[in-house]
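Asker: take this sequence and fold it.
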Amino acid sequence: MSVEHASTRLIDGYARGDTDIAADEVWALEAHLEGCRVCRDRLSAAATVSAPAVAAMVDTVWSGLEPQLATAVPMPPRRRWSARLSAWLTPTMVPWLAMVMSVTLLALLLDVVGSGSGDVSLVLLLAPVLPVLGVAASWSRGLDPAYELTASVPRAGLPLVLRRTVSVLALVVPALFAGGWVTGVTAAQWLLPCLAFTSTALALGGVVGVTRAAVALIAVWAAVVVAPALATSRTPVALQTDGLPVWGLILTLGIGVVIARRGAYAVLGAHQ
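Answerer: The predicted model follows:
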């Protein structure tokens, strides 16, 4: 099988530290270097010629580390399932997901025992924004002590954001399906708003940071929809079937913005 190697222009520019290389080209090159020894050797040779100071610094550091590495005790290999799980979830997500599930269970219990607010279901009111809490926790620099490393690895950016978002939805959405089934809330009422809110949080996250976008959306939803619904004990218009086309449009626009600004998630600002 033939392998398409990186161009000489890209490798030489990367070795020199050129700042005019497109972000997607840098990401593609770094991802390619992980599995291509030929291009790694080419990069090493280019760095020696184009950036001799950097090559000398690397040799100095390596000469000091090599004796220590020879005597270091290797860490035990991680289990395969643990390595795969770490690509989708982070330890900081666990308490947040537990909190989201607890809120879902509490809303369900209040609906079942009739302690909610009249004809409006608390599960229905909270369903659109609950996954957003998990998404914010999965991509927050304040909750992830290794956020700088996370943002700088070759496979960071949109693929990592989407993996973590899918992992949140995979845990929260089934719980909401169960809660809706128990309380008689149809999935059509909350599933599309849920996905639309999640895509909007990611779309705004490329501009102001995922966590900030999530907090802002939740605050707006609480003030504009949840509070009036609880005060009037009526299901808001936004969660009735007539509003589904609008949610579909919001979902489509959110996905479009995420795709168009996919390079924005590889910078540290997306972690704020």
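Asker: got the confidence number for residue 256?
Answerer: According to the model's per-residue confidence, residue 256 sits at a pLDDT of 90.
Asker: for it, what are its contacts?
Answerer: Listed by CB atoms under 8 Å, 6 or more residues apart in numbering, residue 256 has no contact partners. Where C-beta positions appear, they are placed from N, C-alpha and C, glycine not excepted.
Asker: so it is in which element?
Answerer: In this structure, residue 256 sits in helix 244-260 according to DSSP states H and E.
Asker: can I assume residue 6 sits in a helix?
Answerer: No: judged by DSSP: H, G, I helix; E, B strand; the rest coil, residue 6 forms no part of a helix; its state is coil.
Asker: could you pull up phi and psi at the residue of the chain most remote from its centre?
Answerer: The centre of the chain is farthest from one residue, residue 67, which by CA atoms, centre = their mean lies 39.2 Å away. Torsion angles at residue 67 (phi, psi; degrees, to the nearest 10) stand at phi -60, psi -40.
Asker: I'd like the distance between it and residue 130.
Answerer: In this view, residue 67 and residue 130 are 53 Å apart by CB to CB, to the nearest Å.
Asker: with residue 245 instead?
Answerer: 23 Å.
Asker: mind checking which of the two has more residues around it?
Answerer: When neighbours are counted by other CB atoms under 10 Å, residue 130 comes out ahead of the other of residue 245 and residue 130, with 24 against 10.
Asker: I'd say the more buried one and residue 176 touch.
Answerer: Yes: taking CB atoms under 8 Å as the contact criterion, residue 130 and residue 176 are neighbours in contact, 7.0 Å apart.
Asker: tally of neighbours for residue 5?
Answerer: By the criterion of other CB under 10 Å, residue 5 has 13 neighbours.
Asker: I meant residue 202, not that one.
Answerer: Taking other CB under 10 Å as the criterion, the count of residues near residue 202 is 26.
Asker: quick one: low-confidence ranges for the stretch 51-200 of the chain?
Answerer: Across the stretch 51-200 of the chain, the stretches falling below the confidence threshold (pLDDT under 70) are 72-104, 106-108, 110-119, 137-157.
Asker: and the helices in it?
Answerer: When secondary structure is read from DSSP state H, counting those that start in this stretch, the stretch 51-200 of the chain shows helices at 52-71, 80-86, 93-113, 122-126, 130-138, 147-152, 158-183, 187-208.
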